[in-house]
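Undergrad: just a sequence and a predicted model for now, questions to come.
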Amino acid sequence: MSRSITRLLMIAALVSLVALPAAANPSNNTADVVEKPTFFKDVLPVLQQNCQVCHRPGGANLGGMVAPMSFTTYESTRPWAKSIARQVEARTMPPWHAAPRHAGTFDNERTLADAEIATLVNWAKSGAKSGDATDAPAGKEWPVNNGWSIGEPDLVINMGQKYFVEDDVEDHYITFTTTITKEMLPEPRWVKGVEFRPGSEVVHHIIARPLGGIAPGNDPSLYDEGFGTLLEPGTEIRWAMHYHKEAGEGTGKWDFSEAAIRFYPEDYTPEHIIVNDPMVKHDFAIPPGDPNFQAKVSSTFERDSLLLGYTPHMHLRGSYAKYVAMYPDGTEEVLLEVPKYDFNWQTHYKYPAGGKPIPAGTKIELTMAWDNSEGNPNNPDPTATVHFGQPTTAEMMFGFVSYADAEPGYQPESTGFLSSRRERDPERMKKMLKERFNVDWDTLSEDERADVLKRLREARSGNAGAGDR
Ligand code: HEC
């Protein structure tokens, strides 16, 4: 299976997972270890609770894309027994990348109890027996709403046109702008959830401001009760598409991506307005071969706020992420540490309903690290100096934070960039332009400035003339 397809499957699986309330609280209290477990009695309950959300055929998912094998029946699971044992022992399945110290912190945590791991491992070791089918738990019900995991949508929108991703494309960025018309939405409505459906497997990610997107920045598809965003008629939706595949004859694909929206009832106004902005750093240069290059960026919350979740986003060399809160009283708290960041899993780490309150004056410091050495098997080129850029072969430093103001009804300002809004530094930008393009910003004419910014955008997209972004 090609990398890009695998990656997309994972993203799709992940998005559907986030959308399913059933997955929110995997049971971690399996009783004593069984020496010779059977499939129906001991194994199936563990798979239902922790694996089937991804490992099942079809069902509620994006474009029918799910994990490549199904663990719903004995017949479909039996051939994978040894592989299952290996994956759960190594804790690579179920996928979850927060440090162990966060156990119990996040709503969508995916971890197995030691006893559950032992059950799956002992099952494989003792011959992967079926046991008695009458011992099986009742089959688990999965929501099916025309394939939308968030339930029957109130409004389905699309990117406005079909688009052909050419054979020679590896990474391609293009933005389509569509409008929410009065016919689609006569009155402003509060959004309860959004779900994206890629129209083709070459979609690597979609960011559709102001709706949200899928990877990077996976919003939970259904917001907590009382939290939402307002959608008004006339709103322009900018579909920033990233297509990614291996180039080659016959690899071209048509795309027509869609999004489903669910609204709160007309007479309901959520108390809190959700903002999902990244902390961003653009001006870094990762030296060739460096196994642990680090960068930091921070942002201070000026008002009492509710932290709702985080989505760290880097590219292939990303290796580590940490969000630390520095409270006004001088104490610190590690909010999220991802010891081994994995580009393939764009996880959104979501707090339980209501979020985590922080006082005004709290500073959040984001640290990210990259491994640009030969020792990183994902590294496309250890000899390169790596800058910020859109292609997966360039790097990113995006620490998405989704939050709301603690005061009901208060609309936080959202400009799309948490850190640059609060700590904009023109001198740093001038220095970066000097380094990258050898120009002195202060001496440039308006036209020259526009030209430099255009070149910067092109350099970042790695894809000159790919479209307006
Ligand atoms: C969030 C979705 C998700 C969950 C939950 C999940 N998986 Fe997976 N799993 C995947 C995806 C996607 C792949 C394909 C990954 C790949 O090809 O690298 C996969 C691959 C696997 C593989 C094959 C690995 C290989 O390449 O040999 C095994 C075995 C597996 N999962 C077991 C499990 C078990 C057991 C659980 C539950 C304890 C589980 N998974 C939970 C998404 C999930």
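TA: Perfect, thanks for sending it.
Undergrad: which residues sit in contact with the nearest residue to Asp304 once chain neighbours are set aside?
TA: Leaving aside its chain neighbours, Asp304 sits nearest to Ala406 (3.8 Å; criterion: CB to CB, 6 or more residues apart in numbering). In this view, the C-beta of every residue, glycine as well, is placed from N, C-alpha and C. Counting by CB atoms under 8 Å, 6 or more residues apart in numbering, Ala406 touches Arg303, Asp304, Ser305, Leu306, Pro357.
Undergrad: out of these, list just those in strands.
TA: Per DSSP state E, strands hold the following members of those: Ser305, Leu306, Pro357.
Undergrad: can you get me a residue count around the residue nearest to the second one when sequence neighbours are not counted?
TA: To tie it back to what came earlier, the one meant is Leu306. Sequence neighbours aside, Gly355 is the residue nearest to Leu306 in space, at 3.7 Å (criterion: CB to CB, 6+ apart). The number of residues packed around Gly355, counting by other CB atoms under 10 Å, is 21.
Undergrad: go ahead and confirm Gly355 touches Asp304.
TA: No: counting by CB atoms under 8 Å, Gly355 sits too far from Asp304 to count as a contact (11.6 Å).
Undergrad: so where do the helices sit in the stretch 301-450 of the chain?
TA: 418-422, 426-437, 446-461 (DSSP state H, counting those that start in this stretch).
Undergrad: lowest-confidence stretch among those helices?
TA: By mean pLDDT, the lowest-scoring of the helices of the stretch 301-450 of the chain turns out to be helix 418-422, with a mean of 43.
Undergrad: and the next helix or strand past the lowest-mean-pLDDT helix or strand in the chain?
TA: The least trusted helix or strand in the chain, going by mean pLDDT, DSSP states H and E, turns out to be helix 3-19, with a mean of 39. The helix or strand immediately downstream of helix 3-19 is helix 44-50, counting by DSSP states H and E.
Undergrad: next SSE after that following helix?
TA: For helix 44-50, the following helix or strand on the C-terminal side (DSSP H and E) is helix 74-77.
Undergrad: any idea of the mean pLDDT in that next one?
TA: Rounded mean pLDDT across helix 74-77 is 96.
Undergrad: for stretch 315-323, same thing?
TA: Stretch 315-323 shows a mean pLDDT of 96.
Undergrad: who's in contact with it?
TA: 286, 292, 294, 310, 312, 314, 334-341, 343, 364-372, 376, 378-380, 386, 392-396, 399, 401.
Undergrad: go ahead and confirm Val121 touches Arg91.
TA: No: Val121 is beyond contact range of Arg91, at 11.9 Å (criterion: CB under 8 Å).
Undergrad: more crowded one of those two?
TA: Neighbours were counted for Val121 and for Arg91 using other CB under 10 Å; Val121 has more, 19 against 13.
Undergrad: would you mind identifying the next helix or strand past the helix or strand where that one lies?
TA: Remark: Val121 resides in helix 114-125, with elements defined by DSSP H and E. Using DSSP H and E, the helix or strand that follows helix 114-125 in sequence is strand 155-158.
Undergrad: buried stuff in that next one?
TA: Judged by neighbour count (16 or more other CB atoms under 10 Å), strand 155-158 contains these buried residues: Leu155, Ile157, Asn158.
Undergrad: give me the nearest residue to the second one, chain neighbours excluded.
TA: Just to be clear, that refers to Ile157. Using CB to CB, 6+ apart, the closest residue to Ile157 is Ala259 (5.5 Å).
Undergrad: element containing the one you found, please.
TA: With DSSP H and E as the criterion, Ala259 is inside strand 258-263.
Undergrad: partner strands of that strand and their direction?
TA: Strand 258-263 has the following strand partners under DSSP bridges: strand 155-158 (antiparallel), strand 189-197 (antiparallel).
Undergrad: my read: Phe40 touches Ala136, true?
TA: Yes: if you go by CB under 8 Å, Phe40 and Ala136 touch, sitting 4.1 Å apart.
Undergrad: show me the shaky parts of the stretch 351-469 of the chain.
TA: 413-426, 428-429, 432, 457-469 (pLDDT under 70).
Undergrad: ok and the residue in it nearest the ligand?
TA: Asn378 (12.4 Å; CB to the nearest ligand atom).
Undergrad: for that residue, list the residues it contacts.
TA: By CB under 8 Å, 6+ apart, Asn378 lies in contact with Leu316, Arg317, Phe343.
Undergrad: what subset of the residues you listed is also close to the ligand?
TA: Residues of these in contact with the ligand (CB under 6 Å from any ligand atom): none.
Undergrad: relative to the ligand, which of the residues you listed is nearest.
TA: Phe343 (12.0 Å).
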